[in-house]
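Peer 1: Everything below, folded, please.
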Amino acid sequence: MNWAVVMAGGNGTRFWPLSNSRHPKQFLRILNGVTPAETCVRRLSRIIAPERILLVASESHRNALAEALPDFPPEQVLWEPVGRNTAPCIAWACETIRARDPHAIIGVFPSDHAISDEDAFAKCLEKAYSAAHQKIVLFGIEPERPETGYGYILEGAPIQEGIAKVASFLEKPDLQTAEAYIADGHYLWNSGMFIFDADIMHDELCRHVPQIADKIGEIVKSPEKLPEIFPTLLSISIDYAVMEHTAHAAVIRAAFPWDDLGTWASIRRYAHADARGNAVRGSGSLIDCDDTFAFSDDGRLIAALGLKNTVIVSTHEAVLVLDADRAQDVRKIVESLKNS
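Peer 2: Below you'll find the predicted structure:
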């Protein structure tokens, strides 16, 4: 049977100060009054039975999840005592599902993506699930711009229409390299969504990160050991742990509009802009500015004069001002504040 896993355990540090350790971005109503996590679950429910959707979240976000998804069954949530990156998260979900359905096909979906054409997404999803037997099928997005904040996938030899082998994974490039990728036509954004044969993922985890696979096996057999074992797991992404080493990776060209709601720059793309590229959410006045975004969450008026390519965010907790090109680096502020 087909299953889905929604990863909702991150802290969303690049959305500080609106997103924080108590209410991360996936549980905030940042677009159209609906949380990204709620939108993700609803989108998946179109083709996956609701009882076969699991959600992985942080223990510290119990209240935030309950507010955002009050009707989501608590028995379908895996609560991480601490964050250990995506490999332990996916391993735990995979082995939990395998214990119930040994021949499951599992899709993994970050909870903070924007997908505007849900019909096209559903069609692509069905195709990927059908193709995932003995494979790990990634969703590759045709680049719309030379994005330096995403990883890329290079397509290899075709397997069937719209699906190819993965030739290689590329880390976040500089602008010149990203422009070359787009000109080439065979490089796709790595969306972080993928579908896999549960047995294949189990074998790959055992082969490449046995220290994680063995301990997750213990947790699934003895759930009471979770608080003791999970914090000791190696903190590593699924990309580094498995995807860059496996021979089973394939990529499907995802024919739907997609965006990663990862930074304030991404939210700016969904705000109505004037002729000079300026946009305001909440209360704001931008005079002689270009490509500037003001987001007021606390009713405070934001007034700006003569700025270019700037993001200004005002909340009850703090005010953030940054060059939009540095939106990926907001987490550095969070780390600096923690250290000080």
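
Peer 1: contacts, neighbours, all on C-alpha from now
Peer 2: OK.

Peer 1: residue ranges of the helices in the stretch 101-250 of the chain, please?
Peer 2: Listed in chain order, the helices of the stretch 101-250 of the chain (DSSP state H, counting those that start in this stretch) span 118-131, 175-184, 198-208, 210-221, 226-229, 238.

Peer 1: And the fifth one, what's buried?
Peer 2: Which is helix 226-229. Leu226 (16 or more other C-alpha atoms under 10 Å).

Peer 1: Which elements pack onto it?
Peer 2: If you count contacts as 3 or more C-alpha pairs under 8 Å, 6 or more residues apart in numbering; DSSP states H and E, helix 226-229 packs onto helix 210-221.

Peer 1: Now tell me what touches stretch 290-299 from outside.
Peer 2: 18, 268, 276-284, 286, 302, 306-316 (C-alpha atoms under 8 Å, 6 or more residues apart in numbering).

Peer 1: what about that stretch, distance to the chain center?
Peer 2: Distance of stretch 290-299 from its chain centroid, counting by C-alpha atoms, centre = their mean, to the nearest Å, is 24 Å.

Peer 1: Export it to CSV, keeping only CA atoms.
Peer 2: Provided in CSV are the C-alpha atoms of stretch 290-299 (Å, rounded to 0.1, in the frame of the first residue of the first chain):
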residue,chain,number,x,y,z
ASP,A,290,12.7,49.1,-4.9
ASP,A,291,12.2,45.4,-4.3
THR,A,292,11.5,45.9,-0.6
PHE,A,293,9.1,43.8,1.5
ALA,A,294,7.6,44.9,4.8
PHE,A,295,5.9,42.4,7.0
SER,A,296,4.2,43.7,10.2
ASP,A,297,2.7,41.0,12.4
ASP,A,298,2.1,43.2,15.5
GLY,A,299,0.1,46.1,14.1
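
Peer 1: What is the burial count for Ala324?
Peer 2: Look at Ala324: counted by other C-alpha atoms under 10 Å, it has 21 neighbours.

Peer 1: same question, Leu31
Peer 2: Neighbours of Leu31 using other C-alpha under 10 Å come to 14.

Peer 1: Beta-bridge partners for it, please?
Peer 2: In this structure, Leu31 bridges to Val34 when assessed by DSSP bridges.

Peer 1: where's Ile90, which helix or strand?
Peer 2: Assigned by DSSP states H and E, Ile90 belongs to helix 86-100.

Peer 1: now the angle from that helix to helix 210-221?
Peer 2: Computed with axes from the mean of the first three to the mean of the last three C-alpha atoms, to 10 degrees, the direction of helix 86-100 lies at 40 degrees from that of helix 210-221.

Peer 1: so how far is helix 86-100 from its chain's centroid?
Peer 2: With C-alpha atoms, centre = their mean as the basis, helix 86-100 stands 17 Å off its chain's centre.

Peer 1: swap in stretch 63-75?
Peer 2: Per C-alpha atoms, centre = their mean, the centroid offset for stretch 63-75 relative to its chain is 19 Å.

Peer 1: Can you show me the strands along the stretch 1-150 of the chain?
Peer 2: Counting by DSSP state E, counting those that start in this stretch, the stretch 1-150 of the chain has these strands, from start to end: 2-8, 53-58, 77-80, 105-110, 113-115, 136-141.

Peer 1: picking up where we left off before, name the surrounding residues that touch the helix holding Ile90.
Peer 2: So helix 86-100 is contacted by 5, 7, 54, 56, 78, 80, 104, 106, 108, 198-199, 201-202, 205, 212-213, 216-217, 220, 233-239, 241 (C-alpha under 8 Å, 6+ apart).

Peer 1: How about it, which residues are buried there?
Peer 2: Going by neighbour count (16+ other C-alpha under 10 Å), the buried part of helix 86-100 is 86-98.

Peer 1: Reformat those residues as a markdown table; add pLDDT and distance to Val330.
Peer 2: Below are those laid out as a markdown table (pLDDT from 0 to 100; distance: C-alpha to C-alpha, whole Å):
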| residue | pLDDT | distance to Val330 |
| --- | --- | --- |
| Thr86 | 96 | 21 |
| Ala87 | 97 | 24 |
| Pro88 | 98 | 25 |
| Cys89 | 97 | 24 |
| Ile90 | 98 | 26 |
| Ala91 | 98 | 29 |
| Trp92 | 98 | 30 |
| Ala93 | 98 | 30 |
| Cys94 | 98 | 32 |
| Glu95 | 98 | 34 |
| Thr96 | 98 | 35 |
| Ile97 | 98 | 36 |
| Arg98 | 97 | 38 |
